[in-house]
Structure formats: C-alpha cells, structure tokens
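A.B. asks: coords please:
(2 chains)
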Amino acid sequence: MLSVIASAEFKLKYAGSGLGYVWSVVKPLALFTMLYLVFGRVFHLGTLSPYYSVSLLIGIVLFGFFSDATILALISIVARESMIRKLLFPRLIIPAAATLTALMTLLINLTVVGVFIAYKQLTPQLNWLLIPFLLLELYVFTLGMGLLLSAVFVRLRDLLQVWELFLTLFFYASPILYPVGYLPPWGRRIVFLNPFTQVLQDIRAIVLYPDLATNRITATDAFGTFGRLIPISIAVATLVVGYLYFRRQQPWFAERV
Amino acid sequence: MSPSEIAIDVDGVEKEFRLPHEQQTTFKEYFLHPMRRTTVERQQALQGITFTVEKGEFFGIIGPNGSGKSTLLKVLAGIYRQNAGTVRVDGRLSPFIELGVGFNMELTARDNIRINGTLLGLTRREVRERFDEIVAFAGLERFIDQKLKNFSSGMQVRLAYSIAIQVDFDILMLDEVLAVGDQEFQAKCFETLAAIRAEGKTIVFVSHDHGAIRDHCDRTMLLHDGRIRAIGEPEAVLSRYDEIVHPVGTPS
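C.D. replies: Just a heads-up that it's a prediction; the model follows:
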C-alpha cells in the first residue's frame, strides 16, 4: 500500500511537465552551481581542497532530501483532507509515503553525485558499504520529523511558514557550504548533535578519503570514540517521539483537518 | 434473535463537535493570548443513538441535510471517535463512506484503479486479479488509459463503484452514491446489491431517494437533528419523514 501510494505521488509530482524526472536533478544542480561559484570561487573556499565541489554537492543533495521530505510530510495530512474524512486506513501511510517520494528523488540525485565521484577518480572502498546504513539513519531522523510535523500541522497551521524559515537557517547552520573544521570545538559539539551533520560528515569522510583531515572531521572528533551514538540516539528518539505523537493525534485528524 | 445474528450494534452513541468561533490555530494567537479560551460552540451531531442492524439486512438511513447521517456512518466506520456510547461491528466493514476517495484526475483510470483499490484494502495481487472485472463492470474498456479528468462525473462514479464492490467486506456502507450514474447503471448497481445480499452480507444505505429506500430496504431509520425519530418499515418511516420534515399546513 505504502509503495503504491508513494510511486503514484512520485509520478504525479512530474505529471504534465515536459522534462519530468529531469527536474529533480536540475534543481539541486542549479543550486550547486550558484553556491559553488559564490562560495567556491568568490570566497575561495574551493582553493582549500580539490574535493570542495563533490563535498558541496553531497551536502546539497542530502539537505535537499531532508528539506523536501519534511515539507512534503508536513503538508501531507492536511492536503489529503478529503481522504482522511471519508476513508478508514492507516493514517501513517500518508506522511510515510511523502518521505518515500522524497527518497526516490534522493536516489536519482545520488547517481549525479556518483558521476562527480567518478570524475574525481575516487575508487570505491570497502567502507563505502556503510553509506546505505548512514542514509537509513538519515531516513529514520527525517521520517520522525515528518510524522511529528504532519500531526502538529493539523492543529497549528502556521507551522509551514515556521518550518520553511527553520530550514533556511538549518542550511547555513549545518556545515554544507563551509568545512566543519572552520567551527571552534564548542561549535562542532553543537552541530554534531544534529544527526544530519553526523551523517553528512561520515559520508564525506568515507567518500572523500584523500581529502584534508580537517574536512573529514566526524562526530567522533567532537564527542570521543563513541561520539556517534549521541546523534544516532537523537535520530532514533525523534522517530519514537514522532510516531507516538502521531498515533495519539490520529483519531482526531478527520474532524480537525 | 440470538446476538450472533447482529451485524452492527450501536448503543447510546453521542457525537459532539466543538466548533471554535475564532479558531486558535496560529502561533500569533497562541503566543499573544495563550490563556484566552476561544468561545466554543458545541454542536450535538448525534444524541442517544441506539439501534441494531441484523446480518443480511438491507438497512436504509434517511433524513434531511445536516441530520447526522454522514456523521453516523463515519462513527460506524471508525473515522470519527464518538464521545459516548459503544459501536460493535461483527464482520469486516467496508472502509469507505463515499466512492472514488483518493481518485486523482491527473492519473489514468488504470493507475486510479490500482491506487483506489489499494486504499480500500486490496493487495497488489488482488487488484491485478480483479482488474479486468472492474473495468468490464464499469464498461470503460476503451477509456482505461485516459486521464480521469477526461471522464464525465457519471463515468467516474461507475469506475468508483466497480472498484468498491470488489473489496472484501461483510457489511457495505453506501452514502448517497448512486445518484450520479444513469438509469441503466443504477439498475445494474441494485442488481449487484441484491447479489451481495444473497451472499448473506449486510448493506447500510444512506439515501435521499425515497423510491430506492421503498423498493430495496428491509428496514429504515429516520434521523433528524442528530436523533432517531423513527425506525422500522420503510413505508411507515417515509411517511413519518414527510410529517416531520414537511409538516402539512406550514408554509415552507
């Protein structure tokens, strides 16, 4: 049921547009080009490392997933108002399908990242097999946020504005454009609380293995040997809280949407 | 009557909607006046609803607009949670109270059958197996790969109904659904409803069509202002409807 709904939504997203799925690649690439010109060239961040461009693209693509998935999930329950009012089915399917739709876009975008990686002649390493698990962690975190947001949005309709603003701030607060090594140690401890930053830096550290050590700082550098457990627990806790809150609210969705 | 013959047992169900006059759903209001209670209008949508539907019965519900018919169906389906009372349902209840929920106009009839069928609880495999039957019953073979937005509303209802009756259920709830189809399709629908009954299944049928209620229902219930005003033989209930809703001698 989940996959039927998610693939239908994915199909719908590009229905009627001439380029179809190509749009899901064009958007992050356009953003990447602009940010690379401004920060990589004008502000010379690109001179630090030959891998700045790939590093930036990985950040943009992962952030794009988090942003798309949470926004789609946030509006999903309210947008399916008539379905909620007239049909009994597991409500959880709706926000879950929204995040899966975003996940499909992410997979397409990752192939573009793959092209960049091949162009930089980075050869696959055994520890690249960890990447799917890191993406799973990011998905757990994203789904948890999505469930929470979708249920709260039913009661508090300003949430969309607030969340869009939050995402913009989140983008600059996360080390997407700049190396995390630029932050002071206390700043690193703050950003690595975020599972998104931990996943992003772990993937960069694995994929861009010949890069400078300061560009490959991970949660272990911030919190010690088992430092990763902190953001991982936060990701899992987000899913648990999101799920429980959603489950408590769902009997009332039909009369509140 | 032994209890095992009862399909739906509704006892003392109350449903109240709280309709805030000024809805406090924005941050500004929440932060500016966190303590202010907005005035809430309580609307008693259902009061003291107690009735049973027997297995295999064709049970009609009538009542003017806003009398609580749809609210009652939603409570039965579990879409709304009642404020008081109990609902006991023996058997699988059809999960929809309206047809064609989740239809998407931008997708083809083929895709919509897959999605709608899945939403109504069919597995992928069941949808595949029953696909041809759905299309044939709707009589839409030629249009199956057209987008739904090019369908007339009658064609959409035909498609929706054809999917709905392929869902496995013991109790079918229908809310004012057959009004849009043409004569021929309506006749076909009542034929299938008769076949569904012949299998011993129960039908709860909400309609404004007094002719259909008179012709098909075993028993009928009249709702008015959220209360049961009459229940029993369709003929008697329909004349009670006229007395209550269109009282003789009062200009309307």
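A.B. asks: tell me, how many neighbours does B:D170 end up with?
C.D. replies: Residues lying near B:D170 (other C-beta atoms under 10 Å in any protein chain shown) number 18. Where you see a C-beta, it was placed from the backbone N, CA and C, and this is true even at glycine.
A.B. asks: Name the SS class of the residue lying closest to it once chain neighbours are set aside, please.
C.D. replies: The shortest distance from B:D170 to any non-neighbouring residue, by C-beta to C-beta, 6 or more residues apart in numbering or on different chains, is to B:G91 (3.0 Å). Here B:G91 is recorded as coil under DSSP: H, G, I helix; E, B strand; the rest coil.
A.B. asks: low pLDDT regions in the stretch 101-250 of chain B?
C.D. replies: Applying pLDDT under 70 to the stretch 101-250 of chain B flags residues B:177-181, B:248-250.
A.B. asks: near chain A, which residues of it?
C.D. replies: B:101-102, B:104, B:106-107, B:111, B:114-115, B:118-121, B:124 (C-beta under 8 Å from any C-beta of the partner chain).
A.B. asks: Secondary structure element for A:L57, which one?
C.D. replies: helix A:52-79 (DSSP states H and E).
A.B. asks: Next one, pLDDT for residue 48 please.
C.D. replies: Since no chain was named, I'll use chain A. If you check A:L48, the pLDDT there is 84.
A.B. asks: my bad, chain B
C.D. replies: 94.
A.B. asks: show me what contacts it?
C.D. replies: Applying C-beta atoms under 8 Å, 6 or more residues apart in numbering or on different chains, we find B:G48 in contact with B:G12, B:V13, B:E14, B:R227, B:I228.
A.B. asks: Format the residues you listed as a markdown table; extra columns: neighbour count.
C.D. replies: Formatted as a markdown table, the contacts of B:G48 follow (neighbours: other C-beta atoms under 10 Å in any protein chain shown):
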| residue | neighbour count |
| --- | --- |
| B:G12 | 12 |
| B:V13 | 21 |
| B:E14 | 16 |
| B:R227 | 15 |
| B:I228 | 20 |
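A.B. asks: Show me those that map onto strands.
C.D. replies: B:G12, B:V13, B:E14, B:R227, B:I228 (DSSP state E).
A.B. asks: Return the residues of the stretch 51-200 of chain A in contact with chain B.
C.D. replies: For the stretch 51-200 of chain A, the contact set with chain B under C-beta under 8 Å from any C-beta comprises A:80, A:82-89, A:155-158, A:162.
A.B. asks: rewinding a little: which pair in the residues of the stretch 101-250 of chain B next to chain A spans the largest distance?
C.D. replies: B:E106 and B:G121 (23.7 Å; C-beta to C-beta).
A.B. asks: Those two: who's more crowded?
C.D. replies: Legend: neighbour count by other C-beta under 10 Å for B:E106 and B:G121, higher for B:G121 (18 against 13).
A.B. asks: Ramachandran angles for that one?
C.D. replies: phi 100, psi 10 (degrees, to the nearest 10).
A.B. asks: and what of the one 5 residues further on?
C.D. replies: With angles defined as degrees, to the nearest 10, B:E126 sits at phi -60, psi -40.
A.B. asks: chain center to stretch A:76-91, what's the gap?
C.D. replies: When C-alpha coordinates are averaged (C-alpha atoms, centre = their mean, to the nearest Å), stretch A:76-91 and its chain have centres 25 Å apart.
A.B. asks: Okay, now that stretch: how far is its last residue from its first?
C.D. replies: For stretch A:76-91, the first and last residues are 10 Å from each other (C-alpha to C-alpha, to the nearest Å).
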